[in-house]
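In: give me a 3D structure for the following:
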Amino acid sequence: MKLACVLFLFCLAIQSSSAQYDALRRLGGGLGDNGPGGGNNASVKALSIVLPTSLPTRDPYREMPDGTEVSLTPMFQAYAEAEKANSLGYPPAPIPPREGQMGQAVYQHNQRQWEQQRSKIDVQKQSAAVGWAQYSGYIVGGRVLSIRSDGLLLSRAGQSEPIFLKNYPGQESVVDGCSIQCVAFIAGRYRYTAVSRAAKTVIAYDYGKPVPKTDRTKPLPPLEKE
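Out: Numbers count the residues shown, from 1 in each chain. From the prediction side, this is the model:
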């Protein structure tokens, strides 16, 4: 009778321990697929690179304001690498053995491999982020505030001052309030008189002149950090 009671209590303890273990896995308590520290590592991303929803690819060869003919290919490649890196997530973490189970050495080996995979993904994302940062400043966009004979005044979300864009193709079909996004080059400053009759000076951008690819075409240079 005593032996039966001991066996019953032993089985009850094992069931309780198993239930606690499974509960911890569901709650993300640092066990199972969630890995150390909790969270679903299968979907966690080490770094989120801010990208436009789509990349303007019209007129891939342009003449810049200084007369240099460039190819936008390096920018397209940097965008593709950043987009690919953004899709990367950490693999599921290895499941640690339960108390009393064998396999601790195997788990530690798998844990080290998992950490190496995470580190590799982090490096890929950081490299792609740096690559895209060199070209992201060429993306110009906003909502049309005013259509002028020499270009467009655009308002940008979160910015108090508008920008000016000249040589935008198809300007004759643009209407007030529509959104524009394109690749353009910094072209100094633009001065105009606002409705309030106040003189305004804003940053100017130039879409550039579309040209065919020739032996004079150079890769689009990365933008220097300000």
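
In: strands of the chain, start to end?
Out: 61-63, 69-71, 139-148, 151-155, 163-166, 179-183, 185-193, 199-206, 209-210, 218-219 (DSSP state E).

In: let me know the angle separating the third one from strand 151-155.
Out: Strand 139-148 and strand 151-155 are oriented at 120 degrees to each other (axes from the mean of the first three to the mean of the last three Cα atoms, to 10 degrees).

In: which residues does the nearest residue to Ala82 once chain neighbours are set aside contact?
Out: Of all residues not flanking Ala82 in the chain, Trp132 sits nearest, at 4.0 Å (Cβ to Cβ, 6 or more residues apart in numbering). The C-beta positions use only the backbone N, C-alpha and C, and glycine is treated the same way. By Cβ atoms under 8 Å, 6 or more residues apart in numbering, Trp132 lies in contact with Ile49, Leu51, Ala78, Tyr79, Glu81, Ala82.

In: rerun at 7 Å
Out: Trp132 is in contact with Ile49, Ala78, Tyr79, Ala82, counting by Cβ atoms under 7 Å, 6 or more residues apart in numbering.

In: deepest in the core, which of the strands of the chain is it.
Out: strand 163-166 (a mean of 22; mean count of other Cβ atoms under 10 Å).

In: output that strand as PDB, restricted to C-alpha atoms.
Out: Extracted in PDB, the C-alpha atoms of strand 163-166 (Å, rounded to 0.1, in the frame of the first residue of the first chain):
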ATOM      1  CA  ILE A 163      10.400  71.400 -51.300                       C
ATOM      2  CA  PHE A 164      10.700  72.400 -55.000                       C
ATOM      3  CA  LEU A 165      11.000  69.800 -57.800                       C
ATOM      4  CA  LYS A 166      11.800  70.800 -61.300                       C
END
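
In: what packs against it?
Out: strand 139-148, strand 151-155, strand 199-206 (3 or more Cβ pairs under 7 Å, 6 or more residues apart in numbering; DSSP states H and E).

In: find the nearest non-adjacent residue to Gln124, please.
Out: Ala85 (5.5 Å).

In: hmm, I typed the wrong one, I wanted Ala194.
Out: Once flanking residues are discounted, Ala194 sits nearest to Lys200: 5.1 Å by Cβ to Cβ, 6+ apart.

In: tally of neighbours for the nearest residue to Pro91 once chain neighbours are set aside?
Out: Of all residues not flanking Pro91 in the chain, Gln117 sits nearest, at 5.7 Å (Cβ to Cβ, 6+ apart). Neighbour count of Gln117, defined by other Cβ atoms under 10 Å: 12.

In: cool, Ser160 as well?
Out: Neighbour count for Ser160, taken as other Cβ under 10 Å: 6.

In: and Val70, which of the helices and strands packed on strand 163-166 is closest to it?
Out: Nearest to Val70, of all these, is strand 199-206, at 12.5 Å by Cβ to Cβ.

In: against which helices or strands is that closest one packed?
Out: Using 3+ Cβ pairs under 7 Å, 6+ apart, strand 199-206 sits against strand 163-166, strand 185-193.

In: how close does the residue nearest to Pro91 get to Pro94?
Out: Gln117 sits 11 Å away from Pro94, going by Cβ to Cβ, to the nearest Å.

In: returning to that earlier point: in JSON lines, list the strands of the chain along with mean pLDDT.
Out: Shown next, in JSON lines, are the strands of the chain (pLDDT from 0 to 100):
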{"stretch": "strand 61-63", "mean pLDDT": "97"}
{"stretch": "strand 69-71", "mean pLDDT": "97"}
{"stretch": "strand 139-148", "mean pLDDT": "94"}
{"stretch": "strand 151-155", "mean pLDDT": "96"}
{"stretch": "strand 163-166", "mean pLDDT": "96"}
{"stretch": "strand 179-183", "mean pLDDT": "94"}
{"stretch": "strand 185-193", "mean pLDDT": "94"}
{"stretch": "strand 199-206", "mean pLDDT": "95"}
{"stretch": "strand 209-210", "mean pLDDT": "96"}
{"stretch": "strand 218-219", "mean pLDDT": "97"}
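
In: all set, thanks.
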